[in-house]
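Q: Predicted model and sequence follow; I will ask about them next.
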Amino acid sequence: MPPADRIVLIDDDRVVGEIVSGLANSMGLPCSVTRTPDEFFSHIGPETSVIILDLVMPEMDGIEILRLLGERNCKAHIILMSGINIRVIETAKKLAQSHGLTVIGHLQKPFPIPQLQQMLTANFAADKPAASEKEQELEIPDEDLYGALERKEFVLYYQPQINIATGVVTGVEALSRWNHPKLGLVFPDHFISRIESLGLMDNFCWATAERALDEVKQFSVVNGHLPRLAINVSVSSLRDLKFPDIFMNLARKYDFPAERIVLEITESGLMEFSLALDVLTRLRMRNFQLSIDDFGTGYSMLKQLQNVPAIELKIDKTFVQHMHVNHADLVMVEKIIEMGHELEMEVTAEGVETEEQLKMLRERGCDGVQGYLFSRALPPAELLQWLENYRAQRLN
């Protein structure tokens, strides 16, 4: 049995084999080129890091090979390749993932060599021990969470939202952070579910809303107008029939116009539809704006969508970040924009990181964007400075 190489290709096209092996050798990566299933599996071993797999072959097709790799609990990263329809390749990717396999990319023949080179470079640059890749779960005692609420250790960072057509900052989304005295800044993935399980979500949400309403007015000095404030609403809030009245009183306390407040809800938050619709309708009657966050990732609610009095749909960043390489993600983005506009909603895309993504969204008529291309979420003082710089750049 020959020694396993770091890259193993299976393709019955000799020219493709020469191209891939030549590229791998130029990068200093050992590569085996195989043309039959028997030859291919003889080269697969613990040292195999990347498998490049043609889906259409005469003896055994790529789908069968993926099934066998799954049965063998293969840990190598897989690049799918074929000249067939891109949707078939993307379906094969989902099938591979269902077998517990890791697919890092796909190539449609004839593929640009730099595209494969980029995939290989990214894979081997990130080729580190699994222990260093997995983020350690923070061990936080319950009493620390109770104390954090009492000591007001939860703070807000704000991410600006930009109108694509005008470039104007139209709003900010308030995002919670925990300023832990020992651990430093802790992100919500580490504490939101814990707060909910401890029954502290209502206290947390009202404290967050109060802080946001108190802080956001300062941004109007630089922005030229009061930005819309987007606040995430918990599932439990949509079950509370008193929520609209309490929030209205809170807005009055801080003299904050209800029409400048956007309450963001997720698809999963609308599962108890009749109760949620009661709360949402009364919020709209009080002039609060409603936005459906992470649309397309949660529970199916297409039949319900037309009945929700929302003014905005937010495209989840998982679709935006891969739409330039994944046709299915691009279709989702296009359909969400189309559907939102047909229902007379604004459509905002989250997670915009590149000029290419911004250009694609602009061409498809998306209304607004937020993401690292413009700014990450910032604490109030830093956002004030960012607004000043952004305004100066637009005026020049």
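A: Perfect, I can see it now. Residues are numbered from 1 along each chain as shown.

Q: Now C366, what are its backbone angles?
A: Main-chain torsions, C366, degrees, to the nearest 10: phi -60, psi 140.

Q: Look up how far G351 lies from it.
A: 12 Å (CB to CB, to the nearest Å). (Each C-beta comes from the backbone N, C-alpha and C, glycine too.)

Q: out of the two, which sits in the more crowded spot?
A: Set C366 next to G351 and count neighbours by other CB atoms under 10 Å: C366 wins out with 26 against 18.

Q: in the stretch 251-396 of the chain, which spans are helices?
A: 273-285, 302-305, 317-320, 327-342, 355-363, 380-395 (DSSP state H, counting those that start in this stretch).

Q: Could you pull up the mean pLDDT of the fourth one?
A: Per-region confidence: helix 327-342 scores 89 on mean pLDDT.

Q: Next, the angle from that helix to helix 355-363.
A: For helix 327-342 against helix 355-363, the angle by axes from the mean of the first three to the mean of the last three CA atoms, to 10 degrees is 40 degrees.

Q: list the helices and strands helix 327-342 packs on?
A: With contacts defined as 3 or more CB pairs under 8 Å, 6 or more residues apart in numbering; DSSP states H and E, helix 327-342 has these neighbours: helix 86-98, strand 312-315, helix 317-320, strand 346-349, helix 355-363.

Q: Serialize those to JSON lines and add fields for mean pLDDT, mean neighbour count and distance to I195.
A: Output for the helices and strands packed on helix 327-342, formatted as JSON lines (pLDDT from 0 to 100; neighbours: other CB atoms under 10 Å; distance: least, CB to CB, whole Å):
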{"stretch": "helix 86-98", "mean pLDDT": "84", "mean neighbour count": "16", "distance to I195": "31"}
{"stretch": "strand 312-315", "mean pLDDT": "93", "mean neighbour count": "26", "distance to I195": "23"}
{"stretch": "helix 317-320", "mean pLDDT": "88", "mean neighbour count": "22", "distance to I195": "23"}
{"stretch": "strand 346-349", "mean pLDDT": "96", "mean neighbour count": "26", "distance to I195": "26"}
{"stretch": "helix 355-363", "mean pLDDT": "95", "mean neighbour count": "15", "distance to I195": "33"}
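
Q: Would you reformat the ones you listed as JSON lines and include distance to M60?
A: Listed next are the helices and strands packed on helix 327-342 as JSON lines, based on distance: least, CB to CB, whole Å:
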{"stretch": "helix 86-98", "distance to M60": "14"}
{"stretch": "strand 312-315", "distance to M60": "39"}
{"stretch": "helix 317-320", "distance to M60": "33"}
{"stretch": "strand 346-349", "distance to M60": "41"}
{"stretch": "helix 355-363", "distance to M60": "38"}
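
Q: now the angle from the longest strand seen in the chain to helix 380-395?
A: Ordering each strand of the chain by length in residues (DSSP state E) puts strand 169-180 first. Interaxial angle of strand 169-180 relative to helix 380-395 (the same axes, to 10 degrees): 150 degrees.

Q: could you give the mean pLDDT of strand 169-180?
A: 95.

Q: Next: stretch 234-248.
A: Here the average pLDDT along stretch 234-248 is 90.

Q: Could you do stretch 16-28 as well?
A: Across stretch 16-28, the per-residue pLDDT values average to 83.

Q: repeat for stretch 221-231
A: Here the average pLDDT along stretch 221-231 is 90.

Q: Stretch 105-112 now?
A: 82.

Q: what sits up against that stretch?
A: 16, 79-83, 86, 89-90, 93, 115-116, 119, 325 (CB atoms under 8 Å, 6 or more residues apart in numbering).

Q: ok so, going back, for the helices and strands packed on helix 327-342, which one sits closest to D255?
A: Closest approach to D255 among the helices and strands packed on helix 327-342 is made by strand 312-315 (23.9 Å; CB to CB).

Q: Who does that closest one pair with, and is each partner parallel or antiparallel?
A: Using DSSP bridges, the strands paired with strand 312-315 in its sheet are strand 289-295 (parallel), strand 346-349 (parallel).

Q: List of residues touching the longest one?
A: Which is strand 289-295. 228, 230, 232, 259-267, 270, 280, 283-284, 305, 308-316, 336, 348.

Q: Is there a quick PyMOL command that grabs whichever of those are buried?
A: Paste this into PyMOL to select the buried members of those, with burial taken from 16 or more other CB atoms under 10 Å:
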select buried, resi 228+230+232+260+261+262+263+264+265+266+267+270+280+283+284+305+308+310+311+312+313+314+315+316+336+348
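
Q: Can you list the low-confidence ranges for the stretch 51-200 of the chain?
A: 126-137 (pLDDT under 70).

Q: Would you map the helices across it?
A: Along the stretch 51-200 of the chain, counting by DSSP H, counting those that start in this stretch, helices occupy 62-71, 86-98, 113-125, 130-133, 142-150, 192-197.

Q: Export those to CSV and append columns for distance to Q289.
A: CSV is the format used below for the helices of the stretch 51-200 of the chain (distance: least, CB to CB, whole Å):
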stretch, distance to Q289
helix 62-71, 46
helix 86-98, 35
helix 113-125, 40
helix 130-133, 40
helix 142-150, 27
helix 192-197, 23
